[in-house]
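Q: Following is a predicted model, sequence given first.
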There are 4 protein chains.
Amino acid sequence: MARPDVSEERRAQILDAALEVFARQGFHEARMDDIAQASGLSKGALYLYYKSKDAIISALMGSVFNLAMRGALAVERADGSTRERLLDITERFAREIDRFSRALPVMLEFYAIAARDRTVRAVMGGLFDEYRASVTRLIEQGIERGELKSGDPHDLAVGLIAIWEGMALLWAMSPERIHWREQATLAVTVFLDGLALPTAS
Amino acid sequence: MARPDVSEERRAQILDAALEVFARQGFHEARMDDIAQASGLSKGALYLYYKSKDAIISALMGSVFNLAMRGALAVERADGSTRERLLDITERFAREIDRFSRALPVMLEFYAIAARDRTVRAVMGGLFDEYRASVTRLIEQGIERGELKSGDPHDLAVGLIAIWEGMALLWAMSPERIHWREQATLAVTVFLDGLALPTAS
Amino acid sequence: MARPDVSEERRAQILDAALEVFARQGFHEARMDDIAQASGLSKGALYLYYKSKDAIISALMGSVFNLAMRGALAVERADGSTRERLLDITERFAREIDRFSRALPVMLEFYAIAARDRTVRAVMGGLFDEYRASVTRLIEQGIERGELKSGDPHDLAVGLIAIWEGMALLWAMSPERIHWREQATLAVTVFLDGLALPTAS
Amino acid sequence: MARPDVSEERRAQILDAALEVFARQGFHEARMDDIAQASGLSKGALYLYYKSKDAIISALMGSVFNLAMRGALAVERADGSTRERLLDITERFAREIDRFSRALPVMLEFYAIAARDRTVRAVMGGLFDEYRASVTRLIEQGIERGELKSGDPHDLAVGLIAIWEGMALLWAMSPERIHWREQATLAVTVFLDGLALPTAS
DNA sequence: AATGAATGAGCCTTCATTCAT
DNA sequence: AATGAATGAAGGCTCATTCAT
């Protein structure tokens, strides 16, 4: 008689619907009714799984940013030169651009909230720290291996992340004018060229 | 009998108060009462000068982004090498970081809106085009003058703008962990190093 | 699990409360809160069944005037001489004077609106046309049957309706000075006497 | 140095503008700004001559109904048979229909207010009493002179006034379907025929 | 576990009125 | 006598949340 626990499935269902609705309408213009409809559940059911609209937004924040950082973290454990691996991260973003485009408006809204809310900023700052630590390790390896000029790996990681985040931002503004694969790859390439060791001639 | 026309003053007064309130509370959580109080006017007076809350938000969008691009546009007409001028833009951002920090949460909220609203995106896209055109001209000059390696100046401009915008984004997330002057300068320097002509050895 | 559909009941409940409140306070002075309270529902519930205050007013217009014309239309299908039937209409008004007195201030407000709003006037004109057509048929029958002097039945119907409407108006102004049963009956009697065929002496 | 007192002129100016605006928009939809503009005065000036919007409405009520009753009162002092004089009142209304059409929406709004406000109703009832008294005297004369069948002159006056008021109401609803001169004249004629003494044959 | 009718606090906006000039 | 910028109280409407079924 034990029915399988559907609550994880329901939660995922709700977050997925919420992402869709929030991306289209923004947090404030999105109605609980809209999320209910998009999820195929009733409004009351939403409250069985999340205690408030804010709880849905919070849960979504975790889910969205974990997804976003997965690429960078995965690459850390891969083979290849530092240059290859950093370009691989860039390439992964390019390949997943459609999945990103779904989440991007929501991510930007999280950034906006974080910019004015100390608590949210602390959470985002933590995620960013992880992200930066991961990229920092890649760069450290590159320096150790003699692939990159020496320099502060933390600060260089910030530079690279700024390129990726900045590209995402510009792409959100002008998807038709930004060509992620070419332009992000170019930017990272130029940046890495700037870190190349002088070749013995 | 002729009272001086105060309407321009009032409009500026309102936008200034709105920037402050919106930066603290976000567009939706900001109450017209808050803006009224912050501006030293009555709620009714706001409606004498702007026909709705949305109208205030729109007006603010123009005012905030014009301010943001002023730095890049000003540098175009300055002297110095391309490298100096691009680092000068970076430095200007660093110097005006406080003014930016006031506007940044609001700018991010505009980005978030643009990401989901075609109309707003068109406006922002237009501003971005101007911005990019200005940086593109700087890079073209650099290439023409033999200061930079040849390459697509449009795409390189996108890369530089991505660095600045991305740094701003990261700074908004972690103001205490991002040191604009050092890190942005480093990133731009590395990027420009990547564009340096091979020195004859 | 199937709850009975209460929406028709709710709508009637709301219109009934609205009639009471509007009659006492007028459309503009009536607050949605007042209607909510009078209906025993919450303010939010009003909006579940009518999308705005104006929608309630419009729905009420239909309901009130259908009620008002019911008397005249019913009599058309009754037996008796033309005189009897027209006096019967008058008598019905007298009998239902209390129900009318509840609706009269609201009806007058509709007249006032119709007098300045082309759209509302078109609706009211349509109702009036039905009403007049019904009375016209009664008069035509009277002429055909040789009970009334010949004359334009449309114009005579207008005259009778003017008497009824005019009496209602005066009664609304001076309920204590107008004695509907006597005075309206007298007026219709005199009018019908004026249409009597000369008796052979 | 004594300037002529313009206050009477200003008051008339304001009432005239108010009539126009109220007839078009109704009391509640009419803004003090609209009246100010229509009168060619400033909003502040309105308050120099009337202490509130309600005061303007009240003053207008007196002015409008005095105008309306003037016809009936004037005829009382004229020559001619009772029938001629009552038809003359009808004819006067027909001739002044355009002036009436301007005031009619406002008059109907006063009726609506009177129907629910005891105080206003008392004022209107007083005006109506005067009106009825005047018509009553005409009918009494008619009976005394042997022109009309004997009957309660008060009640007969109510009947006649009901015809005039009812016609006005119908005309307000359907100006294009009501032909005042023909239909009102017919109704009054029939009513008077109903009061005619049996002719000796 | 699920529903959706009902609630009511809260906000944008309007506009009669005031008053400094 | 006149102006019109400024005020702020008040109300229609929305929507997150609750709860009887």
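A: Nice, thanks for sending it over.
Q: Now stretch A:141-157 - C-alpha only, CSV.
A: Extracted C-alpha coordinates of stretch A:141-157, given in CSV (Å, rounded to 0.1, in the frame of the first residue of the first chain):
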residue,chain,number,x,y,z
GLN,A,141,48.1,24.5,-12.2
GLY,A,142,48.7,26.4,-15.4
ILE,A,143,51.4,28.4,-13.7
GLU,A,144,52.9,25.5,-12.0
ARG,A,145,53.1,23.6,-15.2
GLY,A,146,54.7,26.5,-16.9
GLU,A,147,51.9,27.1,-19.3
LEU,A,148,51.0,30.5,-18.0
LYS,A,149,53.0,33.5,-16.9
SER,A,150,53.2,33.8,-13.2
GLY,A,151,50.7,36.2,-11.5
ASP,A,152,48.1,36.3,-8.8
PRO,A,153,45.9,33.4,-9.7
HIS,A,154,43.0,34.8,-7.7
ASP,A,155,42.9,38.0,-9.6
LEU,A,156,43.4,36.3,-12.9
ALA,A,157,40.4,34.0,-12.1
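Q: ok, residues contacting that stretch?
A: Applying Cβ atoms under 8 Å, 6 or more residues apart in numbering or on different chains, the external contacts of stretch A:141-157 come out as A:81-83, A:132, A:135-136, A:138-140, A:192, A:195-197, B:182-183, B:186-187, B:190. In short, each C-beta sits where N, CA and C put it, glycine included.
Q: Try it again at 6 Å.
A: A:Ser81, A:Thr82, A:Arg132, A:Val135, A:Thr136, A:Ile139, A:Glu140, A:Leu195, A:Leu197, B:Gln183, B:Leu186 (Cβ atoms under 6 Å, 6 or more residues apart in numbering or on different chains).
Q: for that stretch, which positions count as buried?
A: Residues of stretch A:141-157 classed as buried by neighbour count (16 or more other Cβ atoms under 10 Å in any protein chain shown): A:Gln141, A:Gly142, A:Ile143, A:Glu147, A:Leu148, A:Gly151, A:Pro153, A:His154, A:Asp155, A:Leu156, A:Ala157.
Q: just stretch A:122-142 next, same as before
A: A:123-125, A:127-128, A:131-132, A:134-136, A:138-142.
Q: Between the contacts of stretch A:141-157, which has the least confident prediction?
A: On pLDDT alone, A:Leu197 ranks lowest of these, at 86.
Q: returning to that earlier point: now, the buried residues of stretch A:122-142 that are in strands?
A: Among these, no member is found in strands (DSSP state E).
Q: which of the residues you listed lies closest to D:Asp5?
A: Of all the buried residues of stretch A:122-142, D:Asp5 sits closest to A:Met124, with 73.7 Å by Cβ to Cβ.
Q: Which residues are in contact with the closest one?
A: A:Ala114, B:Met173.
Q: hmm, who's touching the one helix or strand A:Asp54 maps to?
A: Per DSSP states H and E, A:Asp54 falls inside helix A:53-76. With Cβ under 6 Å, 6+ apart as the test, helix A:53-76 has contacts from A:15, A:18, A:27, A:32, A:50, A:85, A:88-89, A:92, A:103, A:107, A:110, A:127, A:131, A:134.
Q: among the contacts of stretch A:141-157, which two are most distant?
A: Largest pairwise distance in the contacts of stretch A:141-157, by Cβ to Cβ, is 24.5 Å, between A:Ser81 and B:Gln183.
Q: Where does the record place the domain boundaries for chain A?
A: Using automatic domain parsing, the domain parsing of chain A gives A:1-51, A:61-194.
Q: which stretches of chain A form helices?
A: Per DSSP state H, chain A carries helices over the ranges A:7-29, A:32-39, A:43-49, A:53-76, A:82-95, A:97-116, A:118-144, A:153-173, A:180-194.
Q: how about the helix holding A:Asp54, does it reach DNA strand F?
A: Yes - applying Cβ under 7 Å from any atom of the strand, one finds that helix A:53-76 is in contact with DNA strand F at A:Lys53, A:Asp54.
Q: okay, the angle between that helix and helix A:97-116?
A: 120 degrees (axes from the mean of the first three to the mean of the last three Cα atoms, to 10 degrees).
Q: next one: the helix or strand of chain A with the lowest mean pLDDT to chain centre, how far?
A: In chain A, the helix or strand scored least confidently by mean pLDDT, DSSP states H and E is helix A:53-76, which has a mean of 86. Relative to its parent chain, helix A:53-76 has a centroid offset of 7 Å by Cα atoms, centre = their mean, to the nearest Å.
Q: buried set for that helix?
A: Applying 16+ other Cβ under 10 Å to helix A:53-76 flags A:53, A:56-57, A:59-61, A:63-65, A:68, A:71-72, A:75 as buried.
Q: Pick the one among the buried residues of stretch A:141-157 closest to A:Ala114.
A: For those, the nearest to A:Ala114 is A:Ala157 (19.4 Å; Cβ to Cβ).
Q: now the closest one: how far from B:His179?
A: 13 Å (Cβ to Cβ, to the nearest Å).
Q: cool, and A:Leu186?
A: For A:Leu186 relative to B:His179 (Cβ to Cβ), the value is 26 Å.
Q: Could you check which of those two has the larger neighbour count?
A: A:Leu186 (19 against 15; other Cβ atoms under 10 Å in any protein chain shown).
Q: ok, which residues in chain A are in contact with DNA strand E?
A: Residues of chain A lying near DNA strand E (Cβ under 7 Å from any atom of the strand): A:Asp5, A:Val6, A:Ser7, A:Arg10, A:Leu41, A:Ser42, A:Lys43, A:Gly44, A:Ala45, A:Tyr47, A:Leu48.
Q: and the last one, how many neighbours?
A: The local packing count at A:Leu48 equals 12, with neighbours defined by other Cβ under 10 Å.
Q: From chain D, how far off is it?
A: 47 Å (Cβ to the nearest Cβ, to the nearest Å).
Q: Ok, A:Gly40 next?
A: For A:Gly40, the distance to chain D - Cβ to the nearest Cβ - is 45 Å.
Q: picking that back up, for B:Ala115, find the nearest of the domains of chain A.
A: Comparing those by Cβ to Cβ, domain A:61-194 comes nearest, at 3.8 Å.
Q: Any idea how far apart the tips of the closest one sit?
A: 35 Å (Cα to Cα, to the nearest Å).
Q: For A:Glu20, give me its contacts.
A: A:Ala38.
Q: how about 10 Å then?
A: With contacts defined as Cβ atoms under 10 Å, 6 or more residues apart in numbering or on different chains, A:Glu20 is in contact with A:Ala30, A:Asp34, A:Ile35, A:Ala38, A:Ser39, A:Arg102, A:Ala103, A:Val106.
Q: Model confidence at it, what's the number?
A: 96.
Q: any idea how far it is from chain D?
A: 43 Å.
Q: now A:Leu104
A: A:Leu104 is 46 Å from chain D, by Cβ to the nearest Cβ.
Q: Counting neighbours, what do you get for the closest residue to that residue other than its chain neighbours?
A: Nearest residue to A:Leu104, sequence neighbours excluded (Cβ to Cβ, 6 or more residues apart in numbering or on different chains): A:Ala172, at 4.9 Å. For A:Ala172, the count of nearby residues is 22 (other Cβ under 10 Å).
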